[in-house]
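[1] sequence first, then the predicted structure, then my questions.
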Amino acid sequence: MDYTQFVPMWFTHKKEEVPMSNNPFAGLEPASVWAHFAALCQIPRQSKHEEAIVAFLKNWADSQGLENLIDKGGNLIIRKGATPGYEKAPGIIMQGHLDMVCQKNEGTTHDFAKDPIQAQVNGNLVTAKGTTLGADDGIGIALALAALEDKTLSHGPLEALFTIDEEEGMNGANNLEAGILKGSILLNLDSETWGEFCIGCAGGQDVIATRSHTTEKIPDGWTTLKVAITGLRGGHSGVNIHEGRGNAIKLLARFLNTLLQKTPSRISAISGGTARNAIPREAFAIIAIAPENMAALNATAKESQATLRIEFAGVDDGITIEISEGKASSVLSIKDQNAWLYSINAAPDGIYRMSPTIPGAPETSDNVGVVDIMPEKGTCTIMVRSAVDTACKALSEEVVSLFALSGTATHKENYYPGWQPNINSPILATCKATYKRIFGEEPTTHIFHAGVECGILKAKYPVLDAISMGPTINNPHSPRESLEIDTVEKSWLLLKDILKATV
């Protein structure tokens, strides 16, 4: 594949030379960070399809005269020697992931395999038109690239570890080549709340349910219709899970179960969610129903919508249930239909247990993330998270047991360990002191319920002293994702001084 098509010809590090029509961030500071982020927005970087961005950054490193390599896991590593006189300082690894969650609003024409992200500046926020922005973790990558190219910084030996396929299973970090990293300090740049240092995170595992179906003919004279539940906020299944946001897949299963209790109907297909680590915003079903029961269907939809808007008031006020024309040639058997509806309706979703030791922090949760049920076969993917590895495995087994009751097969994959916090970490002390000196206030620390790659990397390199930081990203993993501009400049100032403080 010719990756040169993805290289933006206008890309430059001098903000005054970047045409305004091509660079939506022209005029923002720090210019080098925003120039890098603008370039990243031009290059498709879906999970499992990071070849273009890896090729682009490898070429960039070559142009900068920086040592670089791609390991056996497909991750990119770039190295920069220490500032003269600081060769014996601890080596620092700046780390982020290259892929992004690809979600878009219904009706948005965007192909994540080839189209650039249409970023736009709205006051203090950067957003994208109808899609995820990719600030998670594009802005972390941009910060690391700016540090690598800055010749005014004082620092010890630097490495940048840019992993692939983080969003769909942490596979880049899991497959990182043994013994390839040289540094002893890990600065993960994938945190999403400015002013907080992340010192630990949850582990995770996926449970995938699969089932083959017996199909049946649609009853003579019945009408096929599409049921759509839309208007939910969605969000990150780790960051936002404790907020009680609605899960469109769960709500659709609830609605269909309610409908079946009132009138005979059959299901041909159910779909919803686009990523196992994103709270589903939309879900759809194709159903068949007798014409004389249309009134009952419409009344149930109206009543259910009103009920859900009351239940989720202040959280998901825009929940909408719509009935429209649908097409289908067959339906699931009653046995298969009930197996899916009952299992999804009963599946745990959301917070399972709050932390007994950290007030207000989730410990264990799960997210019914993606469902794809067709007449011939179906799958449902549920992501489990926990700060306690044994609890993660236990809840995964509960989900397996639930589906087993209906004879639905399951398998588990993408397990990764949590990152246990160390409040006596030397890099934490350095970061907190540096933050207070620059900004005149104490930062906070937290344990991230979402997954960051520190746990995996520390399992491979126990010597690593790790911390995670970054600017504020709102609503990651959804088309409402936004990046707070002022926190990018603050993150840059902090990163530069942390590098200097460790020499």
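    Perfect, I can see it now. Only a predicted model underlies this, so the values are computations on that prediction, with no experimental measurement involved.

[2] please make it C-alpha for all contacts and neighbour counts, starting now.
    OK.

[3] could you chop the chain up by domain?
    For the chain, whose domains are defined here by automatic domain parsing, the residue ranges read 3-202+419-501, 205-416.

[4] mean pLDDT lowest for which of those domains?
    When these are compared on average pLDDT, domain 3-202+419-501 comes out lowest at a mean of 92.

[5] could you dump the domains of the chain to a markdown table with mean neighbour count?
    What follows is those, written out as a markdown table (neighbours: other Cα atoms under 10 Å):
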| stretch | mean neighbour count |
| --- | --- |
| domain 3-202+419-501 | 20 |
| domain 205-416 | 19 |
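
[6] in the stretch 201-350 of the chain, which spans are strands?
    In the stretch 201-350 of the chain, the strands defined using DSSP state E, counting those that start in this stretch lie at 203-212, 215-216, 223-230, 235-236, 266-272, 278-279, 283-289, 320-325, 331-332, 350-354.

[7] what lines up beside the first one in the sheet?
    Partner strands for strand 203-212, per DSSP bridges, with pairing direction: strand 377-386 (antiparallel), strand 409-416 (antiparallel).

[8] any chance of JSON lines for those, columns distance to residue 461?
    Compiled in JSON lines, the strands paired with strand 203-212 are given as follows (distance: least, Cα to Cα, whole Å):
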{"stretch": "strand 377-386", "distance to residue 461": "22"}
{"stretch": "strand 409-416", "distance to residue 461": "15"}
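
[9] OK, contacts around residue 226?
    Taking Cα atoms under 8 Å, 6 or more residues apart in numbering as the definition of contact, the neighbours of residue 226 are 284-287, 323-327.

[10] ok, these vs residue 370, which is closest?
    When the contacts of residue 226 are compared for distance to residue 370 (Cα to Cα), residue 284 comes out closest, at 11.6 Å.

[11] so what's the residue lying closest to that closest one once chain neighbours are set aside up against?
    If you skip the residues right next to it in sequence, residue 284 has residue 228 as its closest partner in space, 4.6 Å away by Cα to Cα, 6 or more residues apart in numbering. Residues counted as contacts of residue 228 (Cα under 8 Å, 6+ apart) are 282-285, 320-323.

[12] again, but for residue 249
    With contact taken as Cα under 8 Å, 6+ apart, residue 249 is in contact with 271-273, 280, 282-283, 368-371.

[13] now these in CSV, with distance to residue 377?
    Rendered in CSV, the data for the contacts of residue 249 read as follows (distance: Cα to Cα, whole Å):
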residue, distance to residue 377
271, 12
272, 15
273, 17
280, 21
282, 21
283, 18
368, 18
369, 18
370, 14
371, 11
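
[14] so how far is the biggest strand by length in the chain off the chain centroid?
    Scanning the chain for the strand with the most residues, using DSSP state E, yields strand 362-373. Averaging C-alpha positions (Cα atoms, centre = their mean, to the nearest Å) puts strand 362-373 13 Å from its chain's average.

[15] for residue 249, see how far away the residue nearest to residue 284 is.
    Taking Cα to Cα, to the nearest Å as the measure, residue 228 and residue 249 are separated by 10 Å.

[16] cool, residue 94 as well?
    Counting by Cα to Cα, the gap from residue 94 to residue 249 is 37 Å.

[17] equivalent analysis for residue 140, please.
    Using Cα to Cα, one gets 31 Å for the distance from residue 140 to residue 249.

[18] repeat for residue 102
    Computed with Cα to Cα, the distance linking residue 102 and residue 249 is 18 Å.

[19] again, but for residue 99
    According to Cα to Cα, residue 99 and residue 249 sit 25 Å apart.

[20] same question for residue 446.
    In this structure, residue 446 and residue 249 are 30 Å apart, going by Cα to Cα.
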